[in-house]
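> take a look and give me a structure for this.
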Amino acid sequence: MSDRFNTIAGWALFGGIIALGGGIVSSKLFHTERPEPMGYAIAGVEAEGEGGASGPSLNTLLASADVAAGEKVFAKCMACHTINQGGANGIGPNLYATVGEAIATGKGGFAFSDALKKVGGTWTFEALDHWLTSPREFANGTKMSFAGLSKPEDRANLIAYLNAQGSNLPLPSADAAAAPAEGANAAAPAEGENAAAPAEAANAAEPAKK
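Here you go, the predicted structure:
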């Protein structure tokens, strides 16, 4: 009895080993993952990460920015920053009259990070938009722990609010709307133009009546 049981158990174990080995071999031969990159592009389908830059430009957003809405967005910054004239530095520097100012300078001797000092330049609208999108991408190694604002409208409103606090630089005009493609309307006949052409052609084809 025990010999028969051992034989059955042995064959069952052998069968399991064969099945496991077969699964490993087949996984090597047949890949179930999606190939990277895709073998061919599908028309009308965006690749991952594409399309994020679409929408109104910064100039257009700033031209219609809402300073009051920007003040509400600034509430997220108040744990680290003051913005009143002569206000004290906190975890971050006082932000009064920051727009147009040289990056990482002044502010009552605030200890800016070396990463931000290396950026150089001034706090233009574009620089502020980049900074507010992702401080770490703007200045890799910055001490600023804020992750950034993902909505372009929020950034534009906040920049307009910051600008109204002692900087008052003129906001840009909205970008002009894209012109229609050349020739887009050229192919369309003017109203009434050639409307009688089919009839004229039909009459021309008929033999003259005698």
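> tell me the pLDDT of the closest residue to S150 other than its chain neighbours.
Nearest non-adjacent residue to S150, counting by Cβ to Cβ, 6 or more residues apart in numbering: T133, 7.7 Å away. For glycine as for every other residue, the C-beta is placed from the backbone atoms N, C-alpha and C. T133 is assigned 97 on the pLDDT scale.
> tell me the contacts of T133?
148-150, 155 (Cβ atoms under 8 Å, 6 or more residues apart in numbering).
> ok, L61 - contacts?
Here L61 is in contact with 152-153, 155-156 (criterion: Cβ under 8 Å, 6+ apart).
> in those, find the pair that's most separated.
E153 and R155 (7.3 Å; Cβ to Cβ).
> neighbour-wise, which of these two wins?
R155 (25 against 17; other Cβ atoms under 10 Å).
> tell me which residues touch that one, please.
Applying Cβ under 8 Å, 6+ apart to R155 gives the contacts 61, 128-129, 132-133, 149.
> run the last query once more with 10 Å
R155 makes contact with 58, 61-62, 65, 70, 73, 125, 128-133, 148-149 under the criterion Cβ atoms under 10 Å, 6 or more residues apart in numbering.
> which residue ranges of this structure form helices?
Secondary structure of the chain (DSSP state H): helices located at 2-29, 58-63, 67-74, 114-119, 125-133, 135-138, 152-164, 197-205.
> and stretch 143-155, which residues are buried?
Neighbour-count burial for stretch 143-155, counted by 16 or more other Cβ atoms under 10 Å, picks out 144, 146, 149, 152-155.
> cool, and stretch 89-107?
Within stretch 89-107, the residues that count as buried by 16+ other Cβ under 10 Å are 89, 92-99, 101, 103-104, 107.
> low-scoring stretches of the chain, by residue?
Applying pLDDT under 70 to the chain flags residues 1-6, 9-16, 19-53, 178-210.
> and R155, how far is that from G109?
In this view, R155 and G109 are 28 Å apart by Cβ to Cβ, to the nearest Å.
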